[in-house]
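In: sequence first, predicted coordinates after that:
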Amino acid sequence: MESGLDYYSARALLEWQIELGATEAIGDAPVDRYALPDTSPKPKTAEAPSAASAKLKDVDPVAIAGSAAQGAKSLDQLRAAMEVFDHCELKRGARQLVFADGTPGSRVMIIGEAPGRDEDREGKPFVGRAGQLLDRMLAAIDLDRRENVYITNVLPWRPPQNRDPKPEEIGMLKPFLERHVALAKPKVLVVMGNISCQAVLGKRGITRLRGNWDQAMDLPVIPMFHPAYLLRQPQMKRQAWADLLELKARLRGAT
């Protein structure tokens, strides 16, 4: 079938089509392009979620914490190891690491629960109203955090909105706490509050546990009320005073 176009007109029309971007002439027979194989280059995709999840499951943060803690030969090295530990989500929401306060090598080591707002801001455990009360409690039995007490927390980073630490968070960071105690070399541990009892003794129920000596980390341990609890429940200060006298007696070598 003749098109009625002369050679020059047809060529000009073809060149115009090429200028528009045409790359292929239409054949006489229709082509089902959906049936043709896909030869277009495939974009690189992210790793499948299942594979990524499998990799995450292969990471054991407790083992990593344990290895990092055991590698620390001094308190300064332990602090540095905790600073670079990135497997705890609490670190991302906290201002800074809260490591310790007081005098390393003291006979008494106090273990609190977790940093609050004041501790997170200042970088030291037991500051603010609870810290001031703790200082008065210690002074009542002739102890001073700057001279003969060493203080840390179960967790070094503040939980959001001061919520209770989760069991997995405690378990993840416990190797650092155990190494902290080993390097500080106290003679007696004082665990303040339920979270500290859970982490150190594996027990909860501070009203039942307080004032009763126990054993953990190869050291005698006495549970006590947390000063923050005493601020909310001042009627419990009588029991707290009895516990302080028990600690004082122990330090004097009394049974």
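Out: Looks like it arrived, so ask away.
In: only C-alpha atoms from now on, for both contacts and neighbour counts.
Out: Fine.
In: chain center to stretch 115-132: distance?
Out: How far stretch 115-132 lies from its chain's middle: 18 Å, per C-alpha atoms, centre = their mean, to the nearest Å.
In: just the terminal-to-terminal distance for that stretch.
Out: 15 Å (C-alpha to C-alpha, to the nearest Å).
In: buried residues in it?
Out: Buried residues in stretch 115-132, counted by 16 or more other C-alpha atoms under 10 Å: 115-121, 123-127, 130-131.
In: I'd like the next helix or strand past the longest helix along the chain.
Out: Counting by DSSP state H, the longest helix found in the chain is helix 167-184. Heading C-terminal from helix 167-184, the first helix or strand you meet, by DSSP states H and E, is strand 188-192.
In: who are the packing partners of that following strand?
Out: In terms of contacts (3 or more C-alpha pairs under 8 Å, 6 or more residues apart in numbering; DSSP states H and E), strand 188-192 is packed against strand 108-112, strand 219-224.
In: just checking, next helix/strand downstream of the first one?
Out: In other words, strand 108-112. helix 117-122.
In: would you put the C-alpha positions of that following helix in CSV?
Out: Provided in CSV are the C-alpha atoms of helix 117-122 (Å, rounded to 0.1, in the frame of the first residue of the first chain):
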residue,chain,number,x,y,z
ARG,A,117,17.1,14.6,86.0
ASP,A,118,19.6,16.2,88.4
GLU,A,119,22.1,13.4,88.0
ASP,A,120,21.8,13.4,84.2
ARG,A,121,22.5,17.1,84.2
GLU,A,122,25.4,17.1,86.6
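In: shaky segments in the stretch 1-150 of the chain?
Out: 1-10, 13-14, 16-57 (pLDDT under 70).
In: try 90 this time
Out: Residue ranges of the stretch 1-150 of the chain with pLDDT under 90: 1-59.
In: so where do the helices sit in this protein?
Out: Under DSSP H, the chain gives helices at 7-19, 49-58, 61-70, 75-83, 90-93, 117-122, 128-140, 167-184, 194-201, 206-209, 227-232, 237-251.
In: in the fourth one, what's buried?
Out: With burial defined by 16+ other C-alpha under 10 Å, the residues of helix 75-83 counted as buried are L75, L78, R79, A81, M82.
In: quick check, nearest of those to V221?
Out: Closest approach between the buried residues of helix 75-83 and V221, by C-alpha to C-alpha: L75, at 21.3 Å.
In: ok, now which ones touch the closest residue to V154 other than its chain neighbours?
Out: Distance criterion C-alpha to C-alpha, 6 or more residues apart in numbering; nearest residue to V154, sequence neighbours excluded, is E113 at 5.2 Å. Neighbouring residues of E113 by C-alpha atoms under 8 Å, 6 or more residues apart in numbering: N153, V154, L155, M192, G193, N194, I195, S196.
In: run the last query once more with 6 Å
Out: By C-alpha atoms under 6 Å, 6 or more residues apart in numbering, the contact set of E113 is N153, V154, I195, S196.
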